[in-house]
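*Asks:* here is a sequence with its predicted model. Questions after.
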Amino acid sequence: MIRVRFAPSPTGNLHIGGARTALFNWLYARAKDGKFILRIEDTDQHRSRKEYLDEILQSLSWLGFNWDEIYFQIQRLDIYRAYAQRLLKDGRAYLAASQQTEEGSSQPLQEAIVFRVHPQRVRINDLIHGQIEFDTSVIKDQVLIKSDGTPTYNFACVVDDATMQITHVIRGDDHISNTPKQILLYKALGFRIPEFAHLPLILSKSGGRLSKRTGATAISQFRQMGFLPEALVNYLLLLGWSPGENREIIDIKEAARLFDITNANKTAATFDMDKINWINNQYIKGYSIEKLVDLLMPMLRQRFPRTQSYYSDRQKLQGLVKLYQGRINTLGDLLEWADFFFTDEINVDPAAAQRYLSQDLSSEFSLFLERIEKLEHFEVATIEKAFRELIVELNISSRQLIHPIRVALTGKTVGPGLFDVIFYLGKEVTRIRLSRWIKKGS
RNA sequence: GACCCCAUCGUCUAGCCCGGUUCAGGACAAGAGCUUUUCAAGCUCUCGGCACGGGUUCAAAUCCCGUUGGGGUCGCCA
C-alpha cells in the first residue's frame, strides 16, 4: 500500500510551491490507490499560528486535495523524545548544554540531545534524479531534541515518516541536502528507508525563489483574484509534468490515471502569470453560466454593495456574465471590466475621451437617444435596428458613432458588443450617461 | 566558500532512458493579417531553441567528460 504525505508548517500560507508538492503527493496516492496523509509540522510554537493552519486546510480543500489521515506533531512530542532517548542509550547521541538562555531569566533550559554523525558515504536513489551520493563528513552533528524539549525538523520528520509508514517521500528539491541526514537517522533507529522523489522548485520570473515580492504566491490570493481551482491545479500539474501528446488542458481525474512520479521533470520551472491566466480563461469558458454567477455573486456584492437591482435579477446577471465569459481571464477581470454596469462612478479614460469624445456629438447622441426612447420593445435587436437606421440617415459609418457611445457609456474603449451593453444598461442609464455629453441647446 | 541539483524557443514543455523515422513538435507570450462594432475573444500566419567545448560513433538534442551559467542547502526554522 502506497502511503504519501504532505507536511506543511503553519507558519505561513499555503503557497504555489507547497500546493504543487501537495498535488503531486495527492495525485500519486490517487493514481496508485494509496493513502494521502496530512501532517502539520507545528513544533515551532512561536511561529505557528491557528490562522495559517485554517488557511492551509481551506486552500487544500478548495483545490480538492482531500486527505485520508491528519496528524499534528505537537501532539506527538512523547514519541520523538522516546526515540531520542533510545539513541542516547545506544550511544548514538549525546547531551549538550543549551546554547540559548531563556529570555529575562537565568534559568537554564534542559540539555539538547545531539546525534553523532560519523563520516561515511550515503547514497540515495531518487525516483526523479536517480542516484545522488553524499559524503557525511561535511555534515555536523545533528540536534535531535532542542533545549525546549521539541524535536528538530529532520528528526521529527524521520520518526513520523517511519511510524506513519510513509512509503514515498515526495517533496521539494530544497530537501535534497536534508536527505542524507535523515537516512543516517533511519539507519540508527533501524527504520526502513522510504523511496524519495525530489521535485524541482518553482522559480519566480526573476529567477529566484517565489516570494510575496515577486507577485501573488498564496493559494488564497489566487482564489480571491478569481482563479478557478481546476485551472490552478491544471497549471501546477503542467509545471513539472506533462501528459504527453501535446495535451495541456487536462482534468484531474484523467491526470490521476496517467500520472507517475517517475515521469516528473527534474528541471526547475518558472511561474508564468500569462499562462495561468490563459488556462483560467479556458476553464471559465467551460464553466456553466449558473456556476459562474454563483461564484461571482458574493464578489460583486462585496465590490459594489449599493447595486441591488442586479442581485435580485438573476436572469439579467446571467446574460451579462455571458457577454464576458469568453474574454475574461479571471473572475476579478469581470469586476473590473464590467464595473460600469454596477456603479455610476465610471472613469472615462482620458486618452479615450480625447480620441472619441473631443468632437461635439451632441446632435448625434440626442437623435440616438430619441430613437431609443421611442422603442416599444427594448431589445438588443431593436436597439441595433434603430442605430443602423440612424447612421444611414446621418450618412456616417457605424464606427464613427459606436466608439464614442461606448466610451460615454462605459468609460472604456473595449468591451462586449455595444447593443448588448445598451440593453443591459437599460434605457434610463443610457440616457443619463449620454446626456452628460450633450451640450445644452442642441 | 563547501556540498548538492539542473541545463531544448523569452516562458512551460514533447523528444533523451532504448543514438538514425526531427533542417527538433506543441502551448503561452510577442509580431502580422482576417473579422469590422472595439479587443482583452476567435481564426490564419510569422518570429524564436538543443548553453559552450571536447570525446564515443558511420550517425548525437539524445551516451561520456569538462567548462560556463542558473538554482538549492549549509539553524537548538521547517
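*Replies:* Sure thing, it's come through.

*Asks:* by mean pLDDT, which helix or strand of chain A comes out lowest?
*Replies:* Here the helix or strand of chain A ranked lowest by mean pLDDT, DSSP states H and E is helix A:309-312, holding a mean of 76.

*Asks:* can you give me the mean pLDDT across the next helix or strand after it?
*Replies:* Per DSSP states H and E, the first helix or strand lying C-terminal to helix A:309-312 is helix A:314-325. For helix A:314-325, mean pLDDT rounds to 94.

*Asks:* which helices and strands does the least confident helix or strand of chain A pack with?
*Replies:* Applying 3 or more Cβ pairs under 8 Å, 6 or more residues apart in numbering; DSSP states H and E, we find helix A:309-312 packed against helix A:289-303, helix A:314-325. Just so you know, the C-beta spots here come from the backbone N, C-alpha and C atoms, and that holds for glycine as well.

*Asks:* so for residue A:423, which of these sits nearest?
*Replies:* Among the helices and strands packed on helix A:309-312, the nearest to residue A:423 by Cβ to Cβ is helix A:314-325 (8.3 Å).

*Asks:* off-centre distance for the closest one?
*Replies:* 26 Å (Cα atoms, centre = their mean, to the nearest Å).

*Asks:* so which of the helices and strands packed on helix A:309-312 is nearest RNA strand B?
*Replies:* helix A:314-325 (7.4 Å; Cβ to the nearest atom of the strand).

*Asks:* packing partners for the closest one?
*Replies:* helix A:289-303, helix A:309-312, helix A:331-337, helix A:418-435.

*Asks:* figure out which of the ones you listed is closest to residue A:13.
*Replies:* Of those, the one closest to residue A:13 (Cβ to Cβ) turns out to be helix A:331-337, at 18.4 Å.

*Asks:* which elements pack onto the helix or strand just after that closest one?
*Replies:* Proceeding N to C from helix A:331-337, the next assigned helix or strand is helix A:339-342, under DSSP H and E. Counting contacts by 3+ Cβ pairs under 8 Å, 6+ apart, helix A:339-342 is packed against helix A:418-435.

*Asks:* what helices and strands are in contact with the helix it packs on?
*Replies:* Applying 3+ Cβ pairs under 8 Å, 6+ apart, we find helix A:418-435 packed against helix A:314-325, helix A:339-342, helix A:362-374, helix A:380-394, helix A:398-410.

*Asks:* could you check the angle helix A:314-325 makes with that helix?
*Replies:* In terms of direction (axes from the mean of the first three to the mean of the last three Cα atoms, to 10 degrees), helix A:418-435 departs from helix A:314-325 by 100 degrees.

*Asks:* ranges for the strands of chain A?
*Replies:* A:3-6, A:35-40, A:69-72, A:93-96, A:112-115, A:121-126, A:130-135, A:142-145, A:168-172, A:195-199, A:202-203, A:269-270 (DSSP state E).

*Asks:* ok so, going back, what does the least confident helix or strand of chain A contact?
*Replies:* A:297, A:300-301, A:316-317, A:320, A:341-342 (Cβ atoms under 8 Å, 6 or more residues apart in numbering).

*Asks:* buried stuff in it?
*Replies:* By neighbour count on 16 or more other Cβ atoms under 10 Å, the buried set for helix A:309-312 is residue A:310.

*Asks:* same check, this time on stretch A:150-159
*Replies:* A:150-159.

*Asks:* next, count neighbours for residue A:121.
*Replies:* Number of residues near residue A:121 (other Cβ atoms under 10 Å) recorded here: 10.

*Asks:* now the stretch 101-250 of chain A against RNA strand B: closest residue?
*Replies:* Closest to RNA strand B within the stretch 101-250 of chain A is residue A:153: 2.9 Å, counting by Cβ to the nearest atom of the strand.

*Asks:* pretty sure that residue contacts residue A:39?
*Replies:* No: counting by Cβ atoms under 8 Å, no contact exists between residue A:153 and residue A:39, whose distance comes to 11.9 Å.

*Asks:* RNA strand B contacts on the stretch 1-150 of chain A?
*Replies:* A:7, A:9, A:11, A:41, A:43-44, A:47, A:96-100, A:109, A:112, A:129-130, A:132-135, A:138, A:140, A:143, A:146-148, A:150 (Cβ under 7 Å from any atom of the strand).

*Asks:* among the residues you listed, name the buried ones.
*Replies:* Looks like those have A:7, A:9, A:41, A:43, A:109, A:112, A:132, A:134, A:143, A:146-147, A:150 buried, using 16+ other Cβ under 10 Å.

*Asks:* between which two of those residues is the distance greatest?
*Replies:* Pairwise over those, using Cβ to Cβ, the maximum falls at A:109 and A:132, 36.2 Å.

*Asks:* domains of chain A?
*Replies:* A:289-342, A:350-435 (automatic domain parsing).
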